[in-house]
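>>> turn this into a structure:
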Amino acid sequence: MPLSLALHAALLALATGVTPPAAAPPLRSGSSTAAPARLAPATPPGLPPCTKPLAPVLDLPRAAGETIRYVVDVDGLSVGTIDFRVERNGTLGGRPVTEYRSVFKIDKLVGALIPGEGRAAAVVPAGAFWPSQSMIRLTQNKDKIEDDATFGEGGKTARSHKVKNGKPNEESRAFPGPVQDFVTAFYVARSLAPTAEGCGIIYSNQRAYTIWLKPDGEEKVMTPVGLKPARRFSMSWASEKAKGFAQARYWMSEGPDRLPYKAELFGPNHVEARIHLYEMGGT
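From the prediction side, this is the model:
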């Protein structure tokens with residue numbers, strides 16, 4: 001699952017969220033209807049639907065404590081940072097799981113003009129590449145969004161309880177293959193084959209996003225420790241309610257650390273996220 005969409009999700013106010021697994025509020029029983037047919041999410045003209053999502057060839061990174069920080073620029077102006085962290089390994093419902101977290105922080109100067117922040121978390125069972133739970137907490141201008149989702153049937157179904165500005169809404173969805181939230185998608189991107197080409201689906205904030213990616217060459221990119229060889233991927237993506245699709249690309253480490261070095265999003269604004277800090281985790 002392409003990492004650039006995950007990197008820019010908080011910035012674009014699409015999603016991000018948080019709370020430890022034990023604190024995730026359960027969905028209200030009997031409050032949602034049965035999930036609909038397993039149809040691929042709608043896509044705008046020029047972007048095919050995703051009927052068979054890509055699967056990783058390696059397990060997701062699970063070393064507790066691993067932290068990656070990116071600085072985010074919009075049209076050359078630094079607007080904030082976004083962190084991804086393997087928070088901890090434990091058990092949930094008697095099954096081994098890993099908790100992942102992400103936090104987007106806007107710089108103080110920018111925040112005075114564009115108030116907002118995003119936090120996210122996901123719980124992923126051992127051996128799986130889809131979450132069992134995901135949570136988002138998002139504040140943008142006057143909007144406050146909380147979304148708690150649970151996933152079942154091997155990541156093919158999702159139930160979401162969303163509260164926007166105090167107004168609740170519940171939704172059930174079914175998909176043709178396993179889907180991710182934005183946080184899990186970041187780690188799935190690090191576990192795909194070096195020549196991965198295909199599609200994926202992200203479900204968050206009660207909206208589905210279709211992504212298509214393909215290899216786009218190799219080059220060296222600047223990192224905090226100098227130039228490093230990387231594999232470049234190009235990506236097209238859109239939400240199911242969009243009239244058109246966006247273009248992006250990202251650069252992935254060729255080493256065993258599988259680090260995403262940089263991502264760019266093209267559109268009305270040029271958004272760039274560059275790796276700023278990397279801390280290895282434990283076992």
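>>> what element comes up after the lowest-mean-pLDDT helix or strand in the chain heading to the C-terminus?
Of all regular secondary-structure elements in the chain, judged by mean pLDDT, DSSP states H and E, the least confident is helix 3-9 with a mean of 41. Using DSSP states H and E, the helix or strand that follows helix 3-9 towards the C-terminus is strand 67-74.
>>> quick check: buried residues in that following strand?
By 16 or more other C-beta atoms under 10 Å, the buried positions in strand 67-74 come out as 68-74. (C-beta placed from N, C-alpha, C; glycine too.)
>>> contacts for the helix or strand hosting residue 202?
If you go by DSSP H and E, residue 202 is part of strand 198-204. With contacts defined as C-beta atoms under 8 Å, 6 or more residues apart in numbering, strand 198-204 is touched by 1-2, 5-6, 9, 14-15, 40-41, 48, 50, 52-54, 134, 136, 147, 149, 158, 160, 173, 175, 177, 179-182, 185, 188, 208-213.
>>> just give me how far it sits from the chain centre.
Chain-centre distance of strand 198-204: 9 Å, with C-alpha atoms, centre = their mean, to the nearest Å.
>>> packing partners for the helix or strand that that strand is followed by?
Next along the chain after strand 198-204, taking DSSP H and E as the criterion, comes strand 207-223. When contacts are defined as 3 or more C-beta pairs under 8 Å, 6 or more residues apart in numbering; DSSP states H and E, strand 207-223 packs onto strand 198-204, strand 226-239, strand 246-253, strand 260-266.
>>> relative to strand 207-223, how tilted is the strand holding residue 202?
With axes from the mean of the first three to the mean of the last three C-alpha atoms, to 10 degrees defining the directions, strand 198-204 sits at 110 degrees from strand 207-223.
>>> buried residues in strand 198-204, which are they?
For strand 198-204, a neighbour-count test (16+ other C-beta under 10 Å) marks 199-204 as buried.
>>> could you do stretch 121-141 as well?
121-125, 128-138, 140.
>>> from the contact counts, what lies against the helix or strand containing residue 88?
Using DSSP H and E, residue 88 maps to strand 77-92. Contacts defined by 3+ C-beta pairs under 8 Å, 6+ apart place strand 77-92 against strand 67-74, strand 95-106, helix 108-111, strand 116-125, helix 182-189.
>>> quick check: mean pLDDT across the helix or strand just after the fourth one?
What it means is strand 116-125. The helix or strand immediately downstream of strand 116-125 is strand 133-140, counting by DSSP H and E. The predicted model gives strand 133-140 an average pLDDT of 89.
>>> no further queries at this time; thank you.
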